[in-house]
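Asks: next come a sequence and a model predicted from it.
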Amino acid sequence: MSQFPVRLLLVLFLAFAFSRAILRRKEGAMGLGSFLFWAGVWVLAAAGIIRPDFTTYIAKSIGIGRGADVIIYLSILIIFYLLFRVHIMIENLHHEITKVVREMALGEIGKGKK
């Protein structure tokens, strides 16, 4: 049975995701670095879907047996990296909120003494 319909659906999904990244970049909601990262992810994913032998070639060149294994390893690395980035963003947000609340509380105390 042909894998063409499945590959076509996957590539269409990746094209949609890529178009969303372009739209977010044009709106100014995504920085250049983020855009380049996601554009690279979507383009490499499409290349792996269109030419599965590409992932096998990459796997063999770095000493891994199968192309699917390379995709899994890279996906796990990317997910952990993104999780780390989100954690850092949440920590920074927590510190900013604490700072604002502290300043507001001190402002209220100052107003009450007058």
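Replies: Done, it's in. Numbering: from 1, shown residues only.

Asks: I'd like the average pLDDT over the helix or strand containing residue 39.
Replies: Per DSSP states H and E, residue 39 falls inside helix 32-50. Average pLDDT, helix 32-50: 92.

Asks: make residue 1 into 13 and carry on from there
Replies: Yes, from this point I'll number from 13; that puts the last item at helix 44-62.

Asks: packing partners for that helix?
Replies: helix 16-39, helix 64-73, helix 79-125 (3 or more C-beta pairs under 8 Å, 6 or more residues apart in numbering; DSSP states H and E). (Each C-beta comes from the backbone N, C-alpha and C, glycine too.)

Asks: buried set for that helix?
Replies: For helix 44-62, the buried set under the neighbour-count rule, 16 or more other C-beta atoms under 10 Å, comprises 49, 50, 53, 54, 56, 57, 58, 60, 61.

Asks: the third one is in contact with residue 91, isn't it?
Replies: What it means is residue 53. No. Residue 53 lies out of contact with residue 91 (C-beta atoms under 8 Å); the separation is 11.4 Å.

Asks: distance of the spatially closest residue to residue 90 that is not a sequence neighbour relative to residue 109?
Replies: Residue nearest to residue 90 in three dimensions, not counting chain neighbours: residue 53, with 7.3 Å by C-beta to C-beta, 6 or more residues apart in numbering. Per C-beta to C-beta, to the nearest Å, residue 53 is found 31 Å from residue 109.

Asks: before we move on, what about residue 37?
Replies: Computed as C-beta to C-beta, the residue 37 to residue 109 distance reads 28 Å.

Asks: equivalent analysis for residue 83, please.
Replies: According to C-beta to C-beta, residue 83 and residue 109 sit 38 Å apart.

Asks: okay, the two: which has more neighbours?
Replies: When residue 83 and residue 109 are compared on other C-beta atoms under 10 Å, the one with more neighbours turns out to be residue 83, at 17 against 10.

Asks: mind listing what the more buried one touches?
Replies: 60, 67 (C-beta atoms under 8 Å, 6 or more residues apart in numbering).

Asks: what's the answer for residue 23, then?
Replies: When contacts are counted by C-beta under 8 Å, 6+ apart, residue 23 is found next to 58, 61, 62.
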